[in-house]
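Colleague: sequence unavailable; structure follows:
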Ligand code: GDP
Ligand code: IMO
Ligand code: MG
């Protein structure tokens, strides 16, 4: 059974899958599920700040940069031009996958993707320290500074790896430009170490580097379909998210075009992924957050601890105001609701359907940063049953079915499926 309302259009070979909350919606798990219908799975943004978990039988995988279709045989995996990638992170992930018996020659990286160097990570941590109480709570992986270098035209790409002399001089230039920022800091990476490490990884990585534009457009010419995999979530988008508490890339569906070298007319369907509740890691506004024992219970039942940093995730009810905004920003055709099983045992399940300012006036998403913001919560009856074995939405308890209907209605987008466990097969359609 197809999860989608409309069949694929052969003239529009790209579908896009994005998170519509604050990341960790279960994108990895959903992309793994969808991957068999595509020749190529392509990451279009972010770096190893992402953590995507997949469970297939006894195999449990935590991926940070390699696209989530890697456990589906025959798919090709592209790390696109819009990403920023640590050489060590990529090499380690290739090693882990090779040890699992995965053919890693299927994994390629765009020559236009930018390299995250150890000085980016050092700068990320230094800037966070300087922000003090206003810290963003970044993953410390150097993502922000690497994107700053990209737009500042100081960045170094995977294409540069093939030119060792040019690479060394570009690293020198970048470090000279950063010197004032590192003033007084300990543990500043040394130029010779950075160059030596980059050259050591170059040999290993160069065979995976491709011209992504030719790679994708040749695949279209052969009739292959592509699934663009988002990282992070809509509310962490650098432009439309809860700025400045965001990541440094375009996480919305539009980012797939600029991050993969494809035009909007190649895009067919846009699939959003949302948890049946909400989580957020790091600082920043989170109107539906539950600071009481219900939030703790969501964290415990949902195992809400970060894949990348291990930090506890903040937990709250599904935020329909944010979800409607995400439906607009991404042009969603459909959503997959994940972690419905985590709500089993809650007597009442909430959905935030509106915001009000401190003085009581209703407001939309623009009110999110208001320190006195209040939320309107709609309460729904819960269910006691364990639903992990359910495979048809029609077989879910009536109150779980009613909740899914309500989530679709308040978001304004049909629900294609609901996942009821982390394992690949745990899906109700
Ligand atoms: P991503 O960053 O969007 O790929 O999501 P993460 O992998 O960071 O976080 C989602 C977590 O929830 C992972 O540990 C998944 O194994 C787990 N997960 C995904 N779907 C379900 C589900 O339907 N039920 C439960 N209980 N866990 C799920
Ligand atoms: P996936 O792909 C959840 C958050 C960080 C921090 C902010 C900026 O697994 O959904 P950064 O290191 O990107 O500069 O941090 O963004 N963040 C994520 N939160 N899931 C992610 O990725 C995230 N990637 C970044 O916690 O608040
Ligand atoms: Mg994650």
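Modeller: Alright, I've got the coordinates. Keep in mind that what you see is a predicted model, and the values were worked out from it rather than measured. Numbering: from 1, shown residues only. Ligands and ions are numbered 1, 2, ... in the order given.
Colleague: show me what contacts residue 305?
Modeller: Shown in contact with residue 305 (Cβ atoms under 8 Å, 6 or more residues apart in numbering): 299, 311, 312, 313. To be clear about C-beta, it is placed using only N, CA and C from the backbone, and glycine gets the same treatment.
Colleague: gap between it and residue 329?
Modeller: 28 Å (Cβ to Cβ, to the nearest Å).
Colleague: can you pick out the most distant pair from the contacts of residue 305?
Modeller: 299 and 311 (11.1 Å; Cβ to Cβ).
Colleague: pLDDT of stretch 348-360, averaged?
Modeller: Mean pLDDT, stretch 348-360: 96.
Colleague: tell me which stretches of the stretch 201-350 of the chain form strands.
Modeller: 209-210, 226-229, 267-275, 277-280, 314-319, 334-338, 348-356 (DSSP state E, counting those that start in this stretch).
Colleague: turn the ones you listed into a markdown table, including mean neighbour count.
Modeller: Converted to a markdown table, these look like this (neighbours: other Cβ atoms under 10 Å):
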| stretch | mean neighbour count |
| --- | --- |
| strand 209-210 | 20 |
| strand 226-229 | 28 |
| strand 267-275 | 25 |
| strand 277-280 | 27 |
| strand 314-319 | 25 |
| strand 334-338 | 25 |
| strand 348-356 | 19 |
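Colleague: format the ones you listed as a markdown table; extra columns: distance to ligand 1.
Modeller: Shown next, in a markdown table, are the strands of the stretch 201-350 of the chain (distance: least, Cβ to the nearest ligand atom, whole Å):
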| stretch | distance to ligand 1 |
| --- | --- |
| strand 209-210 | 24 |
| strand 226-229 | 9 |
| strand 267-275 | 6 |
| strand 277-280 | 8 |
| strand 314-319 | 12 |
| strand 334-338 | 4 |
| strand 348-356 | 15 |
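Colleague: run through the residues of the stretch 251-400 of the chain sitting next to ligand 1.
Modeller: Counting by Cβ under 6 Å from any ligand atom, the stretch 251-400 of the chain comes close to ligand 1 at 307, 338, 339, 341, 342.
Colleague: of these, which ones also sit close to ligand 3?
Modeller: Near ligand 3, judged by Cβ under 5 Å from the ion, the entries from those are residue 307.
Colleague: CSV for the strands of the stretch 201-350 of the chain, including distance to residue 128?
Modeller: Converted to CSV, the strands of the stretch 201-350 of the chain look like this (distance: least, Cβ to Cβ, whole Å):
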stretch, distance to residue 128
strand 209-210, 31
strand 226-229, 27
strand 267-275, 26
strand 277-280, 17
strand 314-319, 18
strand 334-338, 29
strand 348-356, 29
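Colleague: quick revisit: now the buried members of the residues of the stretch 251-400 of the chain next to ligand 1.
Modeller: 338, 339, 341, 342 (16 or more other Cβ atoms under 10 Å).
Colleague: tell me who's in contact with the closest residue in space to the second one that isn't next to it in sequence.
Modeller: With Cβ to Cβ, 6 or more residues apart in numbering as the criterion, residue 339 has its nearest non-adjacent residue at 4.8 Å, and that residue is residue 275. For residue 275, the contacting residues are 21, 24, 25, 26, 302, 318, 337, 338, 339, 342, taking Cβ under 8 Å, 6+ apart as the criterion.
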